[in-house]
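In: could you look at this predicted model? Sequence included:
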Amino acid sequence: MPEPPLTRRAERPSTVAPRAAVVTHAHGPAGLLPSLAPLLAEWLPRQRWFAGKGRAVTGFTLVSATELLPCPAGGATPGLLHLLVRARQPGSPAGEPSADCYQILLGVRATLPPRLAPALIGRPTGGPLQGYTVYEGLGDPRLAAVLLERLRMPGRLGPLLFVREPSTTIPAVLTPQLVTAEQSNSSVVFGETYILKVFRRVSPGENPDLELPLALARTGCTRVPSPAAWFCTAPATGKSPPYTLGVLQPYLAGSTDGWQLALRALARRADFTAAAHALGRATAEVHLAMADALPTAVLRRPQIERLAAAMSARLDAAAAAVPALHPYRPRLRTAFDDLAGLGRAGRTWAAQRIHGDLHLGQVLRTAGDGPWSLIDFEGEPSRPLAERRRPQPTVRDIAGMLRSFDYAAAVAVRNGPAPDDGRGAERDDDWARSTRAAYCSGYAEASGADPRDEPELLRAYETDKAVYEVLYEARHRPDWLSVPMSAIRRLSGFPPPADDR
Ligand SMILES: Nc1ncnc2c1ncn2[C@@H]1O[C@H](COP(=O)(O)OP(=O)(O)O)[C@@H](O)[C@H]1O
Ligand SMILES: O=P(O)(O)O[C@H]1O[C@H](CO)[C@@H](O[C@H]2O[C@H](CO)[C@@H](O)[C@H](O)[C@H]2O)[C@H](O)[C@H]1O
């Protein structure tokens, strides 16, 4: 079988590892995309990280194709092709058509060994890859290792730039293992030493999940694993800013995320207030460090009115997509109207860079009540990057975590065996109330500001978050829709329906 003419060979930069030496032109070889498009149109919407769920993919545009590892004739060893593709989709009833850009690591082999069967994308019936099998490259340890090698020996490769923190040494041989947890992106753990997050939906501009941990590391903050290496598109003069594509950071071996810890505590009917208090302190420390390291702002009347209007607009859009929200709309909206009213009355709020999507799945703790660490500073993946990078009130993060304690309690009710004394749901509500209070106290102790002193702002952000969660669950986990819906009822002041009591 001839070597697939994937790419045009280019001169190898001296900084790059010797094996992978081939770079493509920006738009890839003729016929590549047409032959992959039918396979991608079927495969992409099934991926957990695909952001355009519920709308058809009508076409693709190739942004770049870069051969990270050439596939030799006959395909005896795998090849790895890095793709950035735009997926065109019609608008939802309330939205514009979209053409989100996705990052795909395409494995190429003559035949796929059975152990890689779950990674299959398909067999192109034409174009340069005809006769080969293409698959999710990150699922193949041999190919994941190629990415680590790139980061170990940084430099430019065609449209891609690999960067390593000068003080970091990355060992040559670390066994890769794809993370199987529910994720918005894809991560690979290397030998329990490093974890590489490969961003899936990418956009121009520095991703806050690189920007914020780097800035925090420079303040000496140890609550956040500090980036060891990363890769992005290479800067091109006069064009859009680089896209951040992936970040390598130390793996916190032996840690468990807050979501698992909270569910375990709930299953044992155990107290979680000490853990929540420590987590409140950790959150405050990270907020203080971000305020030190990055620009801050003051939100005055126009910004507060815009914020309240944006929250109302998100409520309308979510209600258009999820009819169950409809009846609650007028009462939920009062939270946003009250916020705008305070802005008109002259109230101001300090704003700074924040985590942006803080919940129990974003905090890790090592065994034996070790220190809490915060991860995943990407913000809510569905919001535009520019919006996620704007200074915002810290209360927004706190509201996110408070919602998460509620989430854990509501999921425990769903998971738990029928309570023998009929008080199970009530006890889980008590658990959520005391845990929420402990978190706020811990935060207040370390920061000097108690979030409960901002009840209108907290209510507006909690409501906004619950609305976001309704949309998120409707799109990604429809079985879980009842979880944020119970918060919607509480936040709107409606009594729970009879079957919830
Ligand atoms: N530094 C780390 N050490 C240990 N586990 C980590 C680390 N960073 C992330 N994880 C784990 O990897 C998974 C995905 O991480 P996350 O950054 O939240 O990805 P995503 O943005 O795709 O949701 C989570 O299960 C998290 O617990
Ligand atoms: O972790 P991600 O950045 O992918 O965040 C998204 O997915 C989260 C779920 O995995 C989602 O969080 C919601 O569910 C959590 C439990 O699984 C709960 O702890 C959170 O409070 C709740 O918001 C998050 O909203 C979404 O952006």
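Out: Happy to help now that I have it. Residues are numbered from 1 along each chain as shown. Ligands and ions are numbered 1, 2, ... in the order given.
In: all contacts plus neighbour counts: C-alpha atoms, from now on.
Out: OK.
In: so which helix or strand takes in whatever residue of the stretch 1-150 of the chain ends up closest to ligand 2?
Out: Nearest residue of the stretch 1-150 of the chain to ligand 2 (Cα to the nearest ligand atom) works out as residue 49 at 8.3 Å. Under the criterion DSSP states H and E, no helix or strand holds residue 49.
In: can you show me the strands along the stretch 351-500 of the chain?
Out: Using DSSP state E, counting those that start in this stretch, the strands assigned to the stretch 351-500 of the chain run over residues 363-366, 372-374.
In: closest to residue 151 out of those?
Out: strand 372-374 (23.4 Å; Cα to Cα).
In: now do the buried residues in that closest one.
Out: 372-374 (16 or more other Cα atoms under 10 Å).
In: equivalent analysis for stretch 227-239, please.
Out: For stretch 227-239, by 16+ other Cα under 10 Å, it's 227-234.
In: and for stretch 485-498?
Out: Quick answer for stretch 485-498 (16+ other Cα under 10 Å): 485-489, 491-492.
In: now swap in stretch 34-54 and tell me
Out: 34-37, 39-41, 43-45, 49-53.
In: next step: those restricted to helices.
Out: Judged by DSSP state H, helices contain the following of the buried residues of stretch 34-54: 34-37, 39-41, 43.
In: which ones are touching residue 136?
Out: Counting by Cα atoms under 8 Å, 6 or more residues apart in numbering, residue 136 touches 104-107, 119-121.
In: so what's the residue count around the closest residue in space to it that isn't next to it in sequence?
Out: Take residue 136 and drop its neighbours on the chain: the residue closest to it by Cα to Cα, 6 or more residues apart in numbering is residue 119, 4.9 Å away. Applying other Cα atoms under 10 Å, we find 18 residues neighbouring residue 119.
In: gap between residue 119 and residue 252?
Out: 27 Å (Cα to Cα, to the nearest Å).
In: picking that back up, would you check that the residue of the stretch 1-150 of the chain closest to ligand 2 makes contact with residue 181?
Out: No. Counting by Cα atoms under 8 Å, residue 181 is not a contact partner of residue 49; they are 11.4 Å apart.
In: residue 178: what's its closest spatial neighbour, skipping adjacent residues?
Out: Nearest to residue 178 is residue 188, by Cα to Cα, 6+ apart, at 4.3 Å.
In: is that neighbour in a helix, a strand, or coil?
Out: Taking DSSP: H, G, I helix; E, B strand; the rest coil as the rule, one finds residue 188 in the strand state.
In: so residue 241 versus residue 387, what's the distance?
Out: Relative to residue 387, and taking Cα to Cα, residue 241 is found at 16 Å.
In: quick one: low-confidence ranges for the stretch 301-450 of the chain?
Out: 417-425 (pLDDT under 70).
In: swap that for the stretch 151-300 of the chain, please
Out: Looking at the stretch 151-300 of the chain by pLDDT under 70, you get 237-238.
In: for it, what spans make up the strands?
Out: For the stretch 151-300 of the chain, applying DSSP E, counting those that start in this stretch gives strands covering 155-157, 160-164, 176-178, 186-190, 194-198, 201-202, 229-233, 244-250, 255-257, 296-299.
In: who touches the fourth one?
Out: Spelled out, that is strand 186-190. Against strand 186-190 from outside (Cα under 8 Å, 6+ apart): 49, 138, 144, 174-179, 195-200, 251.
In: list the contacts of the residue sitting nearest the centre point of the chain.
Out: Nearest residue to the geometric centre of the chain (Cα atoms, centre = their mean): residue 184, 4.5 Å. Contact analysis of residue 184 by Cα under 8 Å, 6+ apart lists 48-50, 200, 381.
In: looks like residue 75 contacts residue 109 (just checking).
Out: Yes. If you go by Cα under 8 Å, residue 75 and residue 109 touch, sitting 5.0 Å apart.
In: shared neighbours of those two, anything?
Out: residue 132.
In: those two - which one has more neighbours?
Out: residue 109 (24 against 20).
In: mind checking how far that one is from residue 40?
Out: 17 Å.
In: next to ligand 1, which bits of the stretch 301-450 of the chain? Give me the list.
Out: Taking Cα under 6 Å from any ligand atom as the measure of proximity, the stretch 301-450 of the chain contacts ligand 1 at 362, 375-376.
In: who wins for most neighbours among these?
Out: Neighbour tally across those (other Cα under 10 Å): the maximum, 21 neighbours, falls on residue 376.
In: surely residue 36 meets residue 130?
Out: No. The pair residue 36 / residue 130 is not scored as a contact, 9.7 Å apart, by Cα under 8 Å.
In: shared neighbours of the two, anything?
Out: residue 124.
In: need the buried residues of stretch 485-498 in a markdown table (columns: pLDDT and distance to residue 409).
Out: Output for those, formatted as a markdown table (pLDDT from 0 to 100; distance: Cα to Cα, whole Å):
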| residue | pLDDT | distance to residue 409 |
| --- | --- | --- |
| 485 | 96 | 13 |
| 486 | 92 | 11 |
| 487 | 95 | 11 |
| 488 | 97 | 15 |
| 489 | 95 | 15 |
| 491 | 95 | 16 |
| 492 | 94 | 19 |
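In: I'd like those written out as a markdown table, with distance to ligand 1 added.
Out: Formatted as a markdown table, those follow (distance: Cα to the nearest ligand atom, whole Å):
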| residue | distance to ligand 1 |
| --- | --- |
| 485 | 22 |
| 486 | 24 |
| 487 | 23 |
| 488 | 24 |
| 489 | 27 |
| 491 | 27 |
| 492 | 29 |
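In: perfect, that will be all.
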